[in-house]
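Visitor: Could you look at this predicted model? Sequence included:
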Amino acid sequence: MKFKYIAVDVDGTLLDDYDHYDHQRLAADIQQLKQKGVTFIVASGNSLDALHSLFAPTLVNNYVAENGGRIIIAGHEILSHPHQPATVQALLNYAVSQLPVTDLISVSGASQTFIPAKFAAVPVPYYPHHTYFEHWTSIHEPVYNVNVNWHQQRLPQSQINQIVAKINRDFPMVNATYSGAYGIDILPQRVNKASGLNQFVKHTGGHLDQVVAIGDTSNDIEMVTNAGLGVAMQNATMDLKTIADQITAADNNHDGMLQELEQIFTLS
């Protein structure tokens, strides 16, 4: 079957360890894919705001943002899946009272990221638009993701996986998943990259068997599993490598994703 979509993760996949990528090469690849009738999709746990900033130099206008919480086709938002406000309140209280002391908590809203005021001294260059709050009731827009992070403490992934399992046990209405960089994304139940991609391709007349998906960590498992071709980065976590159809020859610091894309679709 001819693949008609390519869905790629961002952090640890397209971006190197310094959050850089080859703008010119990606833009050229996207143009060639378009000529072949292939749709390029960014499938990321990042906020739509952050993705717009990151991809401003390129031709990207298709997103499965917030791990499937927001679906953008040709620059237009067609679907979104926010948390219930009561769930956001409960999760924020829980993060403070029940989890190991965090290095950062962030709440991804429709227009910007909201951060508890006690973390005001923590650098957040990956949130282009953000503000600080004393109480969650000051957030007056849809919330798609609550992220808790231990990037300074560098908790082992085994411990983070245990925390993920605990959150999912205690909150059956959410889907918590390891997001890389010592963080956990907490999404509404049944929201993941595979469900978001499925909504995207169905809206454009396709299906998941026509998707090539490339990722690097646990929040990519569903899309890599359900895609027609699931690819793990060489630097991916072992849980993703185990279920992937193939693994890239190079890692994220050596353009492994772009190399794989160019080989699969025979780009020049």
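Guide: All right, it came through fine. Only a predicted model underlies this, so the values are computations on that prediction, with no experimental measurement involved.

Visitor: quick one, helices of the protein?
Guide: 23-35, 48-54, 85-97, 157-170, 193-203, 221-226, 238-243, 256-264 (DSSP state H).

Visitor: Okay, now the sheet partners of the lowest-mean-pLDDT helix or strand in the chain, with direction.
Guide: None of the helices or strands of the chain scores lower by mean pLDDT, DSSP states H and E than strand 174-180, at a mean of 89. Within its sheet, strand 174-180 is paired with strand 183-188 (antiparallel), according to DSSP bridges.

Visitor: Measure how the strand it pairs with sits relative to helix 85-97, angle-wise.
Guide: Orientation of strand 183-188 against helix 85-97 (axes from the mean of the first three to the mean of the last three Cα atoms, to 10 degrees) gives an angle of 150 degrees.

Visitor: angle of strand 183-188 against helix 193-203?
Guide: Angle of strand 183-188 versus helix 193-203, following the same axes, to 10 degrees, is 50 degrees.

Visitor: List the residues that contact residue 88.
Guide: Shown in contact with residue 88 (Cβ atoms under 8 Å, 6 or more residues apart in numbering): 107, 136, 139, 143, 146. Every C-beta, even on glycine, is put in place using the N, C-alpha and C of the backbone.

Visitor: at 6 Å instead, please
Guide: By Cβ atoms under 6 Å, 6 or more residues apart in numbering, the contact set of residue 88 is residue 143.

Visitor: again with residue 234
Guide: In this structure, residue 234 makes contact with 247-248, 251, 256, judged by Cβ under 6 Å, 6+ apart.

Visitor: re earlier: which residues sit against the least confident helix or strand of the chain?
Guide: Outside strand 174-180, the residues that touch it by Cβ under 6 Å, 6+ apart are 11-12, 45, 160, 164, 167-168, 184-187, 189, 191, 217-219.

Visitor: Could I get the contacts of residue 234 in JSON lines, plus columns for neighbour count?
Guide: Formatted as JSON lines, the contacts of residue 234 follow (neighbours: other Cβ atoms under 10 Å):
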{"residue": "247", "neighbour count": "15"}
{"residue": "248", "neighbour count": "25"}
{"residue": "251", "neighbour count": "18"}
{"residue": "256", "neighbour count": "24"}
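
Visitor: got a list of what the nearest residue to residue 155 once chain neighbours are set aside touches?
Guide: Nearest residue to residue 155 in three dimensions, chain neighbours excluded: residue 182, at 5.9 Å (Cβ to Cβ, 6 or more residues apart in numbering). Contacts for residue 182 (Cβ under 6 Å, 6+ apart) come out as 149-151, 154-155.

Visitor: Backbone torsions only: list them for residue 182.
Guide: Main-chain dihedrals, residue 182, degrees, to the nearest 10: phi 70, psi 30.

Visitor: ok, it to residue 13 distance?
Guide: Applying Cβ to Cβ, to the nearest Å, the value for residue 182 to residue 13 is 17 Å.

Visitor: And residue 36, by the same measure?
Guide: 21 Å.

Visitor: between those two, which one's more packed in?
Guide: Shown here are residue 36 and residue 13; by other Cβ atoms under 10 Å, residue 13 has more neighbours (29 against 12).
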